[in-house]
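# Any chance you can model this:
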Amino acid sequence: LKAVGYALGSNHVNVWGNPAGSRPCLMLSLHIARTPAFYEQKGILPLYAVLVFGLLCYYALEPTDLPSRISIMAALFLTVFA
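Sure thing, here's the model as predicted:
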């Protein structure tokens with residue numbers, strides 16, 4: 001939450017049987033800003049984690065176990081775009 005603003009106004013339409021302009025209204029405005037850490041935690045770090053898991057896939061599995069490698073890489077590929 002970066003800032004809060006408020007103002008007094010009046011209703012511009014008929015609300016709950018009250019004619020327009022008959023009652024004062026309090027208008028609130030909330031200003032919200034995201035920090036750069038939000039984008040690092042929610043976007044960049046998970047993509048690097050998937051990259052590390054993909055690289056480990058080549059070293060952790062035996063070279064003859066190709067179907068297992070392909071299934072892991074397909075799962076990681078779908079994880080990136082989900």
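
# Count the neighbours of residue 43 for me.
The tally of other residues near residue 43 (other CB atoms under 10 Å) stands at 10. Every C-beta, even on glycine, is put in place using the N, C-alpha and C of the backbone.

# quick one: it is in a helix?
Yes: Residue 43 forms part of a helix when assessed by DSSP: H, G, I helix; E, B strand; the rest coil.

# All the helices of this protein, residue numbers only.
36-39, 45-60, 66-81 (DSSP state H).

# Could you dump those into JSON lines and include mean pLDDT, mean neighbour count and distance to residue 22?
Shown next, in JSON lines, are the helices of the chain (pLDDT from 0 to 100; neighbours: other CB atoms under 10 Å; distance: least, CB to CB, whole Å):
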{"stretch": "helix 36-39", "mean pLDDT": "88", "mean neighbour count": "9", "distance to residue 22": "43"}
{"stretch": "helix 45-60", "mean pLDDT": "86", "mean neighbour count": "12", "distance to residue 22": "53"}
{"stretch": "helix 66-81", "mean pLDDT": "85", "mean neighbour count": "12", "distance to residue 22": "54"}
